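> Below is the structure, and that's it, no one-letter string:
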């Protein structure tokens, strides 16, 4: 399979960090996609259970129970129906900012996710995980209940590893 069909993004090396950019066009209006990002009863269907206080400085708590990952951070940026940013970290862990941006695009919305990790962490794994969650988001938007697509994750992880600068 062509790796371009497996991943929707790119990876770049920054001075002391990795940054992944994932982009998806979804055939739904921005308001609908925004609700999937901010409403607990919506994002539990494709991400994990949790809550987000919808203001800059608001608390973010998302619990990926099966993996042991818990996000317990604060909202770094908030512009209704356009931008939501928070760290994918807890407590004294290093910052791992996630930036969700929505823009109108024809009859749908472009969702851009930027993932930043410290230099010593596995950006290919993180991007692959979010590729899988974005697939889940697309399915839920179409009314199709879904589970984490592990095979998709494995293929995307391999594809993102191939994108890493040597």
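Nice, thanks for sending it over. Only a predicted model underlies this, so the values are computations on that prediction, with no experimental measurement involved.
> And the residue nearest to residue 48 when sequence neighbours are not counted, how far from residue 47?
Leaving aside its sequence neighbours, residue 48 sits nearest to residue 64 (Cβ to Cβ, 6 or more residues apart in numbering; 4.6 Å). The C-beta positions use only the backbone N, C-alpha and C, and glycine is treated the same way. Residue 64 is 8 Å from residue 47, where distance means Cβ to Cβ, to the nearest Å.
> So those two - more neighbours on which side?
A direct count of neighbours by other Cβ atoms under 10 Å for residue 64 and residue 47 places residue 47 higher, at 20 against 17.
> Could you name the specific helix or strand carrying the closest residue to the more buried one other than its chain neighbours?
In space, and not counting its chain neighbours, residue 47 is closest to residue 133: 5.7 Å by Cβ to Cβ, 6+ apart. Assigned by DSSP states H and E, residue 133 belongs to helix 123-141.
> So which elements touch that helix?
Where contact means 3 or more Cβ pairs under 8 Å, 6 or more residues apart in numbering; DSSP states H and E, helix 123-141 is packed against strand 9-13, strand 17-26, helix 30-38, strand 108-118, helix 150-163.
> Format these as JSON lines; extra columns: mean pLDDT and distance to residue 139.
Output for the helices and strands packed on helix 123-141, formatted as JSON lines (pLDDT from 0 to 100; distance: least, Cβ to Cβ, whole Å):
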{"stretch": "strand 9-13", "mean pLDDT": "92", "distance to residue 139": "19"}
{"stretch": "strand 17-26", "mean pLDDT": "95", "distance to residue 139": "11"}
{"stretch": "helix 30-38", "mean pLDDT": "97", "distance to residue 139": "11"}
{"stretch": "strand 108-118", "mean pLDDT": "97", "distance to residue 139": "14"}
{"stretch": "helix 150-163", "mean pLDDT": "93", "distance to residue 139": "11"}
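> leaving aside the residues next to it on the chain, what's closest to residue 101?
Counting by Cβ to Cβ, 6+ apart, the residue nearest residue 101 is residue 112, at 4.5 Å.
> bridging residues for that neighbour?
Judged by DSSP bridges, the bridge partners of residue 112 are residue 23, residue 101.
> Then the one 4 residues further on?
Using DSSP bridges, the bridge partners assigned to residue 116 are residue 19.
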